[in-house]
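Participant: quick one: sequence and predicted model below, then my questions.
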Amino acid sequence: MSLSIESRCIHLEDDDRAARYGAVSFPIYQTATFAHPALGQSTGYDYSRVQNPTRQQLEKTVAALESGTDAVAFATGMAAILAVMELLAPGDHVVTESDLYGGTPRLFRTVCEPRGITFTSVNFSKGMEEAAQAITPATKALYIETPTNPMMNVTDIRAAAELAHARGAVLIVDNTFLSPYLQNPLTLGADIVVHSGTKYLSGHNDTLAGFAVVKDPVLAARLREVSKTIGANLAPFDSWLVLRGIQTLAVRMDRAEENALALAHWLQKQPQVSRVIYPGLPEHPGHELMKCQARGFGAMLTFEVTDKTYVPVLLKNVKLIRFAESLGGTESLLTYPVTQTHADVPPEVLAANGLTDRILRLSVGIENVNDLTADLTQAFAAL
């Protein structure tokens, strides 16, 4: 029986419940090592750094949701990106999106560049021309987010994949903002998908996790070797927390997206707001493209206030909405990128991306939308 994505959040199609005594909730195999029946024999598990049944169940679930052949679970999203970068060699070149989560270019700059990998950043959302010009004979990968963090730029995944493959490179897509429930880059031609599982996949702001998902078995084997060697794998209990979170991914995403659109419309009416950036708004330049390559617009939105002195007032006065980093949980979170998620991004890059000191990023949760608008109303009243 072929299951819908909503059901695949809860059930693996090849799930063997008899092997776990009929337990509905998958067990936590909280063990570091596994005993062997005899010399030369194995239960299939040897050591939890290499593989663990709980983590394996989670990896199978994420791979199924992303239509991949394999998924590898890591301790954080940054660990997943680092593992993917370890597939490259000194002298390799990567063309990246210019508007990325701030920790990603920091990783590229402080860890990858010292070992001989070079990077060129371009704005993929304007089309493939600039990216094509940036590709060199040494280019081995294109790296994008779509929508981007925090400026919500949308890239044509199919076009990026065609460009990468025509030049002998792979396409890597960070799919954190939409989750596999709303977008599946592998089905659009991407080769590797990465997630901060801390966000929508876990969904409750209670654990850290990361994923790298691939569709090519050879690439999967290489990634497995990297993960086994560097050892930044997800622990059994954290794997179980993410498994539990994924079961409600569909209903959480539907509710959060519904709330996000309502708040985007509300923010547009505020005189202290100069612009609202949300792909679900028809005037967003990526609106029609997202309708073609995604099943929704997500629950992340960015807005800019008319005066930077409004920022600390809003951050102090929100009550139900929390002033905090991260995103994708049940709770709504308000983030100030220039001092939080993008504090390490050079000022000239922020300026080029349009990321000003008047911009706030809102991760819309699943609270009652009337309560959220009431909270924003009282916060804006303090301006």
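Facilitator: Structure's in. What do you need? In this text, all values refer to a predicted model and were calculated from it rather than measured experimentally. Numbering: from 1, shown residues only.
Participant: going forward, measure contacts between C-alpha atoms and count neighbours the same way
Facilitator: Will do.
Participant: any chance you could map the helices in the stretch 1-150 of the chain?
Facilitator: Remark: helices of the stretch 1-150 of the chain, listed N- to C-terminal, are 5-8, 53-65, 77-85, 103-107, 129-134; assignment by DSSP state H, counting those that start in this stretch.
Participant: which outside residues touch the last one?
Facilitator: Looking back up the chat, that one is helix 129-134. Residues outside helix 129-134 that contact it (C-alpha atoms under 8 Å, 6 or more residues apart in numbering): 95, 120, 122, 123, 124, 163.
Participant: would you mark the buried spots in the helix ranked longest in the chain?
Facilitator: The helix that spans the most residues within the chain, counting by DSSP state H, is helix 249-268. Taking 16 or more other C-alpha atoms under 10 Å as the basis for neighbour counts, the residues of helix 249-268 that come out buried are 249-250, 252-261, 263-264, 267.
Participant: from the residues you listed, which single one is nearest residue 52?
Facilitator: Top of the list for closeness to residue 52, among the buried residues of helix 249-268 and by C-alpha to C-alpha, is residue 249 at 23.2 Å.
Participant: isn't residue 106 up against residue 344?
Facilitator: Yes: shown here, residue 106 and residue 344 form a contact pair, counting by C-alpha atoms under 8 Å, at 6.9 Å.
Participant: hmm, residue 28 and residue 240 touching each other?
Facilitator: Yes: in terms of C-alpha under 8 Å, residue 240 counts as a neighbour of residue 28; the distance is 6.3 Å.
Participant: before we move on, back to that, quick one: the helices of the stretch 1-150 of the chain as CSV, columns for mean neighbour count and mean pLDDT too.
Facilitator: Written out in CSV, the entries for these read as follows (neighbours: other C-alpha atoms under 10 Å; pLDDT from 0 to 100):
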stretch, mean neighbour count, mean pLDDT
helix 5-8, 16, 92
helix 53-65, 22, 97
helix 77-85, 23, 98
helix 103-107, 17, 97
helix 129-134, 15, 98
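Participant: can those go into a markdown table with extra columns for distance to residue 292?
Facilitator: Compiled in a markdown table, the helices of the stretch 1-150 of the chain are given as follows (distance: least, C-alpha to C-alpha, whole Å):
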| stretch | distance to residue 292 |
| --- | --- |
| helix 5-8 | 18 |
| helix 53-65 | 19 |
| helix 77-85 | 27 |
| helix 103-107 | 27 |
| helix 129-134 | 21 |
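Participant: what's the closest of the ones you listed to residue 175?
Facilitator: Taking C-alpha to C-alpha as the criterion, residue 175 comes closest to helix 77-85 out of these, the separation being 11.0 Å.
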